[in-house]
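> The sequence and its predicted three-dimensional model are supplied below.
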Amino acid sequence: MSRVTYGDGGATTLGYALLGLLAHEDLSGYDLARRMKEWVGFFWSARHSQIYPELARLEDAGFVAHTPVPQRDRPDKKVFAVTEAGRGALRQWLTSPFAPTPHRDELVLRAYAVWLADPGRAAALFREEERHHAARLAEYRAILAHLEQTCGDDLRRPDVPFFGAYAALRRGIGYEREYGDWCGWLADTLDQAAADPDRLAAMPGTDTDPERRED
């Protein structure tokens, strides 16, 4: 079977993600998958089965090149490096027009119709999501503290490699903090409704009996 190559001289979004990682350091396919999970996985993900074919396409396009590294009792390992053509393609992509993709969020979709749910059970659902976002927020803050300790003031210079990680972390911290606050507010509101169903029933347009709700 022949390989699928880039038809217009550009790469896929996954290809650019891999080029971005390789711009930091030369990596094997296995190490790329690890870096993808550790550094990019918070906002972009890919399976091993996607990474290796994409590396082959990048190499066919001249964007990366590999060096065989002998291993004891194993086949040679391929260590990939970004080429000048790859860096040029990455630079061009970074400032090319961006078409936002539609955002889909099932939890927000559930919140839209949460007035039909049992408030106590719904509160538990959103409380669990609040804990999830709080844990992710703590993780992001720990990574940021490590970067600040390692890089110092250089972390805020846009011309250094780790500035990109800093920018992504700031976005992640803001997102997790806001989402967690929203989940907490919704859980608190639903808990109050569950604790005082008579007050909820007295509110205009509210019916807490599932048997009397309209379909």
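Done, it's in.
> what about the residue nearest the centre of the chain, is that helix, strand or coil?
Geometric centre of the chain, nearest residue: Phe43, 1.5 Å, by C-alpha atoms, centre = their mean. The three-state assignment at Phe43 reads coil, by DSSP: H, G, I helix; E, B strand; the rest coil.
> Now do the closest residue to it other than its chain neighbours, the pLDDT please.
Among residues not flanking Phe43 along the chain, Ala168 sits closest, at 6.5 Å (C-beta to C-beta, 6 or more residues apart in numbering). C-betas here are computed from N, CA, C, even on glycine. In this prediction, Ala168 carries a pLDDT score of 92.
> Please report the distance of Ala168 from Val40.
The spacing between Ala168 and Val40, counted by C-beta to C-beta, to the nearest Å, is 8 Å.
> Is Val114 in contact with Leu186, as I believe?
Yes: with contact defined as C-beta atoms under 8 Å, Val114 counts as touching Leu186 (7.4 Å).
> And the two? Which one has more around it.
The residue with more neighbours, out of Val114 and Leu186, is Leu186; 20 against 17, by other C-beta atoms under 10 Å.
> which residue packs closest to the more buried one, ignoring adjacent ones?
Spatial nearest neighbour of Leu186, excluding adjacent residues (C-beta to C-beta, 6+ apart): Phe126 at 4.7 Å.
> Could you do Arg141 as well?
Excluding the flanking residues, the one nearest Arg141 by C-beta to C-beta, 6+ apart is Ile173, at 6.5 Å.
> Return the residues in contact with the one you found.
Ile173 makes contact with 137, 140-141, 144 under the criterion C-beta atoms under 8 Å, 6 or more residues apart in numbering.
> Sort out which of those residues are in helices and list them.
Assignment to helices by DSSP state H places the following of the contacts of Ile173 there: 137, 140-141, 144.
> Could you tell me which of those residues count as buried?
Neighbour counting by 16 or more other C-beta atoms under 10 Å classes 137, 140, 144 among those as buried.
> any residues touching whichever strand or helix holds Ala17, and which ones?
Per DSSP states H and E: Ala17 is located in helix 13-22. Contact partners of helix 13-22, identified using C-beta under 8 Å, 6+ apart, comprise 6, 11, 27, 32, 35-36, 39-40, 44, 46, 50-51, 54-55, 57-58, 63-64, 80-82, 86-87, 89-90, 93, 164.
> same deal with stretch 146-155?
Stretch 146-155 is contacted by residues 160, 162-163, 165-166, 169 when judged by C-beta under 8 Å, 6+ apart.
> list the buried ones in it?
Neighbour count says stretch 146-155 has 147, 151, 155 buried, by 16+ other C-beta under 10 Å.
> Stretch 50-63 now?
By 16+ other C-beta under 10 Å, the buried positions in stretch 50-63 come out as 51, 54-59, 61, 63.
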